[in-house]
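Colleague: How does the following fold in three dimensions:
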Amino acid sequence: MLPLVRSQRASLERLRAAIRWARGLVVLTGAPGQGKSTVIQALQLATPFSPLRLEGEVIKDRHDAVMRLVALVGLRPEGDDFALLARLQNKQSAGTDQGVPEVLVEDAHCLSDDTLQFFSELASGVFGRAWSIVLIGEQTVLDRLVGFGVLPSVVRLPRGMAMI
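Modeller: Numbering: from 1, shown residues only. Here you go, the predicted model:
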């Protein structure tokens, strides 16, 4: 991985601060090719904690999101979604004190509205404890969340930060 440019390092520090202090839902936005994935890779490489990483392009619905999370930690998919989430919450450790989320969702702008709401509910503690979740995507993901009445912490990559 190439070293981060100054604006990417600043975005990484803003992201870590938002994760550390918001302890819920954080949205990382930027235009395509602007460096969102590069910032996320740097976040993952700089810590001993491993967030669960999902691709928004392939998640079909809430149940699919739960099943993918369960598979990432190696749990057996037994029981309903609520039971699976309860087991999953006991298994997954958090690195939020070091600015590392529990779940990263790339291309979150591709999620259905119901699935996007699921992640905001997970972050707000509807299913037990509140999870630290970072949704990564284009501005539309933030617009949709605000439309649901969800006000996440937001980190925007500066314009003109396109990768070469």
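
Colleague: Residues touching the longest helix along the chain, excluding its own?
Modeller: Counting residues, the longest helix found in the chain (DSSP state H) is helix 6-22. Helix 6-22 has contacts (CB atoms under 8 Å, 6 or more residues apart in numbering) with 4, 26, 28, 35, 38-39, 42-43, 96-101, 132, 134, 152-155, 157-158, 161. Any C-beta I mention is one placed from the backbone N, CA and C, and that applies to glycine too.

Colleague: Could you pull up phi and psi at residue 26?
Modeller: Residue 26 adopts backbone torsions of phi -130, psi 140, taken as degrees, to the nearest 10.

Colleague: for the most centrally placed residue in the chain, what are its contacts?
Modeller: With distances taken as CA atoms, centre = their mean, residue 134 lies nearest the centre of the chain, 2.3 Å away. If you count contacts by CB under 8 Å, 6+ apart, residue 134 has them with 15, 19, 26, 27, 28, 40, 51, 101, 103, 104, 105.

Colleague: partner residues bridging it?
Modeller: Legend: beta-bridge partners of residue 134 under DSSP bridges are residue 26, residue 104.

Colleague: so how far is residue 74 from it?
Modeller: Between residue 134 and residue 74 the computed distance is 22 Å (CB to CB, to the nearest Å).

Colleague: how about stretch 44-52: buried residues?
Modeller: By 16 or more other CB atoms under 10 Å, the buried positions in stretch 44-52 come out as 49, 51, 52.

Colleague: same deal with stretch 101-119?
Modeller: 101-111, 115-119.

Colleague: Mark which of the residues you listed are part of strands, please.
Modeller: Counting by DSSP state E, the part of those found in strands is 103, 104, 105, 106.

Colleague: close enough to count as contact, the last one and residue 53?
Modeller: Yes - applying CB atoms under 8 Å as the test, residue 106 and residue 53 come out as touching, 7.0 Å apart.

Colleague: Show me where this structure dips below the pLDDT cut-off.
Modeller: For the chain, applying pLDDT under 70 flags the ranges 1-2, 91-98, 160-164.

Colleague: Strands along that one, start to end?
Modeller: Assigned strands in the chain, in chain order: 25-29, 52-55, 103-106, 133-137, 153-156 (criterion: DSSP E).
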